[in-house]
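> next come a sequence and a model predicted from it.
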Amino acid sequence: MRTVDGAMVMGTIWAAVSLVGCAVGMSTTGSDDGSGSVEVGMGSGGGPSRGRQALDRDRVPAVGQPGSMSMPEAQDYTLDNGLRVVLVRRSALPLVSLAFQFRGGASGHPASQAGLAALAADMIDEGTTRRSALEVAEAVDRIGATLTSVAGYDVSAVRMTTLRSHLREALDVAADVIMNPTFPPTELERVRAERIARVIQRGDQPAALADDAFARALYGDAHPYGAPLLGTRESLSALTADDVRGYHAARYAPGQATLVAVGDVEREALDSLLAEKFAGWSGPGEDPPPLPDAHASGGGRTIYVVDRPGAAQSEIRVGRVARAWDTQGYHEVQVTNTILGGAFTSRLNMKLREEKGYTYGAYSYFDQRRGRGPFEAGAAVATSVTDSAVADFMTEIGRIAAEPVPQDELIRARNYLARRLPQRFESVDDVGARLAELVAFDAPLDFYVTYVDSVLAVGADRVRATGRAELVADDMLIVIAGDRSLIEDPLRALGVGPVEILGRGPSS
């Protein structure tokens, strides 16, 4: 990859922005209550001037109420071979987004085989009965499409985005890699070596060490959520070609799959191509095994330290086993987390970054999964303030349950979530991603139709109740990757809880 002078790059970007600014003009009609419309005009000189109002620079424009989402209709049906299809027609651009999603992911195999789902996804386009790995890449490049294969904790997916005119060729490639991978031994060993190298690299990254140790402390060694998706050196070295083939046969079957298709394609045309390209693809596959119990820590607050001698910073993770993905309480959790650490103006970032200057950024989130996912808050802070930062984390987490949230802060959080929603549906890939998430957790496909109204209806009492249920400060685990010689004694003196020293964790 060539590198170029940063100033030249920025100059080019600003030139492009200037040209776009000349070509696109916006005129707003309507009142200050937000009920007006916005027109975008294409032309020179900043767009149409008809109806332009004088701009009063002494008044701050009023911000209207967030509008509700109008969602396109989703066609949801199942083919004869068991493949579920969710189709949304969006014809503004001649593009089609395809996502073949398979149940299971890393939770579809034992924790002792950590990395298997990701390895299988990585290998899926490394050679088929019809094409070599190079020929797969050439077939995708020839039609200007994209092909990715990924694995998460709960699902694996093969995704393509293509021009409508090349949909037949794109589905031909997708069918080939899904139905006919051969997992060539030479390619398997190459990919395995690359992934082991990445594991070794993660062992030198404090953030990765903290993340892996945090997951293991929460879930233990026997739960799939406790192991890194990438795997460990030990688990990757032990995986065989038969393991990969067996996982593929169980998971990549039509009975375990959903195709989420969004774009400029009619159902009749799509069904015809699926019947042609996926002829012979059949079978129920194997349902993912039940997840082991994942209880909240229950043992009071404990601090785990992963020693990083000489580290200038400490990577802090605070959290507990929280809730699974569920429509019930979903909006309350989103609003609550936005107040705590889900936005730049959230409490954690304003305290640790803006007020104290401990970090470049502090955050929190609920990772809601098929099973009970983690709540996590974190930041990278200077070594000298590690104990003070931990105290601030615990204080801010505890405040959510202990105090009613002020109305202005609640309104700001609700509006932040409501106004951000449209940008999550900008492209065909965005729409596909939102629908795929709903499919993964068996949620209704019209979930986002009422999202804005549901978010705006969350009151202070429900935020406090969510804090009491999900942000139990006395049940938080704390994991810190940092210089033990400098942080251990201050952490013990803090009195938050006992301090235990961990090894480097599952990345080692």
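Thanks, I have the structure now. Numbering: from 1, shown residues only.

> could you find the residue nearest the spatial middle of this protein?
residue 367 (8.5 Å; Cα atoms, centre = their mean).

> distance of that residue relative to residue 154?
If you measure residue 367 against residue 154 using Cβ to Cβ, to the nearest Å, the figure is 11 Å. C-betas here are computed from N, CA, C, even on glycine.

> where along the stretch 51-200 of the chain do the strands fall?
Taking DSSP state E, counting those that start in this stretch to define them, one finds strands in the stretch 51-200 of the chain at 74-78, 84-89, 95-103, 146-151, 155-163.

> so where's the stretch 1-150 of the chain shaky on pLDDT?
For the stretch 1-150 of the chain, the stretches flagged by pLDDT under 70 are 1-53.

> just give the nearest non-adjacent residue to the residue nearest to the centre of the chain, would you?
In space, and not counting its chain neighbours, residue 367 is closest to residue 373: 4.2 Å by Cβ to Cβ, 6 or more residues apart in numbering.

> got the contact list for that neighbour?
225, 321-325, 366-367 (Cβ atoms under 8 Å, 6 or more residues apart in numbering).

> make CSV out of the residues you listed and add secondary structure and pLDDT.
Shown next, in CSV, are the contacts of residue 373 (DSSP: H, G, I helix; E, B strand; the rest coil; pLDDT from 0 to 100):
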residue, secondary structure, pLDDT
225, helix, 96
321, strand, 95
322, coil, 94
323, coil, 94
324, coil, 95
325, coil, 95
366, strand, 98
367, coil, 97
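
> ok, so of the residues you listed, who is nearest residue 63?
Checking those against residue 63 with Cβ to Cβ, the nearest one is residue 366 at 27.5 Å.

> just the helices in the stretch 351-500 of the chain please.
Along the stretch 351-500 of the chain, counting by DSSP state H, counting those that start in this stretch, helices occupy 386-402, 407-420, 428-440, 451-456, 460-470, 484-494.

> can the ones you listed go into CSV with extra columns for mean pLDDT?
Shown next, in CSV, are the helices of the stretch 351-500 of the chain (pLDDT from 0 to 100):
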stretch, mean pLDDT
helix 386-402, 97
helix 407-420, 96
helix 428-440, 97
helix 451-456, 96
helix 460-470, 97
helix 484-494, 97
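
> out of those, which gets nearest to residue 186?
In terms of Cβ to Cβ, the element of the helices of the stretch 351-500 of the chain nearest to residue 186 is helix 428-440, at 32.7 Å.

> quick check: angle from that closest one to strand 84-89?
150 degrees (axes from the mean of the first three to the mean of the last three Cα atoms, to 10 degrees).

> contacts made by helix 428-440 with the rest, please.
Taking Cβ under 8 Å, 6+ apart as the rule, helix 428-440 contacts 72, 74, 84, 86, 88, 90, 93, 95-99, 101, 103, 154-155, 157, 159, 161, 258, 260-263, 325, 370, 424-425, 443-445, 447-448.

> and if you look at stretch 325-332?
Contacts for stretch 325-332 (Cβ under 8 Å, 6+ apart): 323, 368-370, 373, 440-441, 443-444, 447, 451, 454-455, 457-458, 462-463, 465-466.

> make a ChimeraX selection of whichever of the contacts of helix 428-440 turn out to be buried.
Buried subset of the contacts of helix 428-440, written as a ChimeraX selection, criterion 16 or more other Cβ atoms under 10 Å:
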select :74,84,86,88,90,95,96,97,98,99,101,103,154,155,157,159,161,258,260,261,262,263,325,370,425,443,445,447,448
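
> contacts for the helix or strand encompassing residue 262, please.
Using DSSP states H and E, residue 262 maps to strand 257-263. Strand 257-263 has contacts (Cβ under 8 Å, 6+ apart) with 82-91, 93, 95-103, 164, 270, 274, 285, 428-429, 431-432, 435-436, 439.

> now do stretch 275-295
79, 81-83, 103-104, 107-108, 168, 171-172, 174-175, 178-179, 218-219, 222-225, 249-257, 321, 370-372.

> try 6 Å
For stretch 275-295, contacts defined as Cβ atoms under 6 Å, 6 or more residues apart in numbering pick out 81, 103-104, 107-108, 171-172, 175, 179, 219, 223, 250, 253-256, 321, 371-372.

> now do stretch 150-163
94, 96-102, 105-107, 117-118, 121, 145-149, 170, 174, 178, 369-370, 429, 440.

> from the residues you listed, list the buried ones, please.
96-102, 105-107, 117-118, 121, 145, 147, 149, 170, 174, 178, 369-370, 429, 440.

> for residue 347, which non-adjacent residue is closest in space?
Here the residue nearest residue 347, using Cβ to Cβ, 6+ apart, is residue 396, at 4.9 Å.

> list buried residues within the contacts of residue 373.
By neighbour count, with 16+ other Cβ under 10 Å, the contacts of residue 373 hold 225, 321-323, 325, 366 as buried.

> of the residues you listed, closest to residue 349?
The shortest gap between residue 349 and any of these belongs to residue 366, at 16.7 Å (Cβ to Cβ).

> any idea what the closest one is bridged to?
Note on residue 366: beta-bridge partners by DSSP bridges are residue 375.

> how much space between it and residue 346?
13 Å.

> mutual contacts of the two, please.
Counting by Cβ under 6 Å, 6+ apart, nothing touches both residue 366 and residue 346.

> and the helix or strand hosting residue 303 with helix 484-494, angle?
Here residue 303 sits within strand 302-307, counting by DSSP H and E. Angle of strand 302-307 versus helix 484-494, following the same axes, to 10 degrees, is 170 degrees.

> what's the mean pLDDT across strand 302-307?
Strand 302-307 comes out with an average pLDDT of 96.
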